[in-house]
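1. what follows is a predicted structure for the sequence shown.
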Amino acid sequence: MKFKAITASLLGAVALIATMNASATLIDFEDRAEGENIIGTSYQGLQWNSGAGDMYTLNGTNYSDSTSGYTTLANALDGDFVGFNGFGTSPAEIAAIGDATFDLNSAWFTSAWDTQLDITFTGLLDGVELYTMDFAAMRETAQQVVFNWAGIDTFRIDDNGLHFAMDDLVINEAVPEPATLALMGLGLVGLSLSRKKKS
Ligand SMILES: [Ca+2]
Ligand SMILES: [Ca+2]
């Protein structure tokens with residue numbers, strides 16, 4: 001009986017943690033100012049300047065060259081603003097702050113200028129490459145890339161120094177670390193056992 005109770009408690013803990021991670025954040029840049037602006041550190045709780053240079057945003061709907069991938073992407077999605085790698089920064093990186101990690105679910109991309117732009121995406125944790133994916137971004141077609149990369153602290157976008165546009169990233173932030181999970185599990189087991197004694 002005790003073993004069953006413990007198992008049930010652990011399952012409860014897992015279910016609780018799954019619930020905590022279920023809420024996804026959509027990063028669509030629609031709160032950004034007009035013009036080409038550096039995103040910097042702390043926007044949406046992330047660093048947008050941990051790679052070789054800064055990531056920026058601009059208004060793709062009103063962009064001066066409507067044949068660009070900025071406009072393609074803005075027209076394909078709700079809203080006007082898109083992100084891009086300023087001065088063709090490569091690799092561009094989006095990173096967690098401090099010891100935090102995040103899950104990268106999906107994001108939309110276009111090539112800003114080239115008809116096709118070959119990109120290598122990498123997901124890292126503590127400098128170790130956990131995930132990698134090659135992708136062909138197109139200027140005239142916006143595409144959603146589905147990652148489902150869990151527990152990374154850095155999303156690296158390497159395109160050999162050309163411009164890409166990016167929008168509607170879906171991530172889960174504030175993933176509890178394994179130590180926290182273990183403590184929560186033990187806490188719930190303890191709670192379950194003490195309840196059992198009383199009854
Ligand atoms: Ca947008
Ligand atoms: Ca739009």
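-> Thanks, I have the structure now. Ligands and ions are numbered 1, 2, ... in the order given.
2. neighbouring contacts of stretch 73-81?
-> With Cβ atoms under 8 Å, 6 or more residues apart in numbering as the test, stretch 73-81 has contacts from 28-30, 32, 57-63, 82, 108-110, 142, 165-168. Glycine gets a C-beta too; all of them are placed from N, C-alpha and C.
3. gap between the two ends of that stretch?
-> End-to-end span of stretch 73-81 (Cα to Cα, to the nearest Å): 9 Å.
4. list the buried ones in that stretch?
-> 73-74, 76-77, 79-81 (16 or more other Cβ atoms under 10 Å).
5. got it, and stretch 160-179?
-> In terms of neighbour count (16+ other Cβ under 10 Å), stretch 160-179 has its buried residues at 162-173, 175.
6. say whether ligand 1 is contacted by it.
-> Yes: Stretch 160-179 is in contact with ligand 1 by Cβ under 5 Å from the ion, via Asp167.
7. state the mean pLDDT of that stretch.
-> What stretch 160-179 shows for mean pLDDT is 84.
8. chain center to it, what's the gap?
-> 2 Å (Cα atoms, centre = their mean, to the nearest Å).
9. only alpha carbons, please: show it as CSV.
-> Listed in CSV are the C-alpha atoms of stretch 160-179, where the atom choice follows Å, rounded to 0.1, in the frame of the first residue of the first chain:
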residue,chain,number,x,y,z
ASN,A,160,26.7,32.6,-42.8
GLY,A,161,26.1,36.3,-42.4
LEU,A,162,23.0,37.0,-44.5
HIS,A,163,19.7,38.5,-43.3
PHE,A,164,16.8,36.4,-42.1
ALA,A,165,13.4,37.5,-40.7
MET,A,166,11.8,35.7,-37.8
ASP,A,167,8.5,36.0,-36.0
ASP,A,168,5.9,34.3,-33.8
LEU,A,169,8.3,32.3,-31.6
VAL,A,170,6.4,29.9,-29.3
ILE,A,171,8.4,29.0,-26.2
ASN,A,172,7.8,27.7,-22.7
GLU,A,173,9.8,29.7,-20.1
ALA,A,174,10.9,29.0,-16.5
VAL,A,175,11.3,25.2,-16.7
PRO,A,176,12.1,23.8,-13.2
GLU,A,177,15.5,22.3,-13.0
PRO,A,178,15.9,18.5,-12.1
ALA,A,179,16.9,19.4,-8.5
